[in-house]
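S.K.: Need the 3D shape of this:
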Amino acid sequence: MKFTIYDMPASERPRERLGEYGEEALSAAELLNVVLSRGSKGESVMLLSQRLLQKFGNLNNLANASLKELNSIKGIGFAKACQLKAAFELGKRASSHNQENSRKLMIDAPQKAVELVALNFKNKKKENIFVLLLDTRKKLIKKTLISVGTLDASLIHPRDVFKEAISNFAAGFILLHNHPSGDPSPSPDDAELTKQLISASKFMDIAFLDHIIIGNPGYYSFRESQEDLFA
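M.R.: Numbers count the residues shown, from 1 in each chain. Predicted coordinates for the structure are as follows:
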């Protein structure tokens, strides 16, 4: 007898996790579980999703696979192949539209940065860390999620931030994350990360413009509150 999603505790099922923590907290395989909904005869949707990722190597290759290629995979009939192509195309169109609009934005004040990411942090029960990559005129190049932490800590290293900045030819960046407790006051870890990024930014010659903590309500801007740190 095959093991299915319904054999898992409700709190560990992809749909329930998405509802509880948001789509960003799910792995690629879990997101595929939600899109495909069910597996095939003799194989659960969990195994089918993992096999798809292994077959194509990564999510990008899977997204670029043709309908014929998908349909040729055991367990992926025409209907599932169409579901996958439609899901990836919707994501592509949304991303293209958002990037086209967001590139016009100038992020020259903490409030503008907060407004740009506010919806990304709504009802999140884990710390989500975003970076806004900016050009020399402080116009947005890209907004990207770089880490999802635990309920009381974030998992991030300065290299994760600078990898994004370098690969997108950014002149500067703003780091933002939420405090699920609702209190935007910086923790000792937040202060230490800020100091590390300031030091690394001088070495890398990429401007670290601010570290903003999103609360409910309000926010804390290291630049506004501790300007001397960035001198």
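
S.K.: what sits against residue 134?
M.R.: Taking C-beta atoms under 8 Å, 6 or more residues apart in numbering, we find residue 134 in contact with 107, 140-141, 170-174, 209. Where C-beta positions appear, they are placed from N, C-alpha and C, glycine not excepted.

S.K.: which SS class is the residue nearest the centre of the chain?
M.R.: By C-alpha atoms, centre = their mean, the chain has its centre lying nearest to residue 145, at 3.1 Å. Of the three states, residue 145 takes strand under DSSP: H, G, I helix; E, B strand; the rest coil.

S.K.: residues contacting it?
M.R.: With C-beta under 8 Å, 6+ apart, residue 145 has these contacts: 24, 120, 128-130.

S.K.: try 10 Å this time
M.R.: By C-beta atoms under 10 Å, 6 or more residues apart in numbering, residue 145 lies in contact with 24, 117, 120, 128-131.

S.K.: Could you identify the helix or strand that succeeds the least confident helix or strand in the chain by mean pLDDT?
M.R.: Among the helical and strand segments of the chain, the one scoring lowest on mean pLDDT, DSSP states H and E is helix 78-102, with a mean of 78. Per DSSP states H and E, the first helix or strand lying C-terminal to helix 78-102 is helix 110-117.

S.K.: what about dumping the CA coordinates of that next one to CSV?
M.R.: The C-alpha trace of helix 110-117 is given here as CSV (Å, rounded to 0.1, in the frame of the first residue of the first chain):
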residue,chain,number,x,y,z
PRO,A,110,12.4,53.7,4.3
GLN,A,111,8.6,54.2,4.0
LYS,A,112,8.8,53.5,0.2
ALA,A,113,10.7,50.2,0.9
VAL,A,114,8.2,49.2,3.6
GLU,A,115,5.2,49.9,1.2
LEU,A,116,6.8,47.8,-1.5
VAL,A,117,7.1,44.7,0.7
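
S.K.: Please enumerate residues in contact with it?
M.R.: The contact list for helix 110-117 (C-beta under 10 Å, 6+ apart) reads 102, 105-107, 109, 121, 128, 130-132, 134, 138, 140, 143, 145, 174-178, 209-214, 218-225.

S.K.: if you set the cut-off to 8 Å instead, what comes out?
M.R.: Under C-beta under 8 Å, 6+ apart, the answer for helix 110-117 is 102, 105-107, 130, 132, 140, 143, 174, 176, 210, 212, 214, 219, 221, 223-224.
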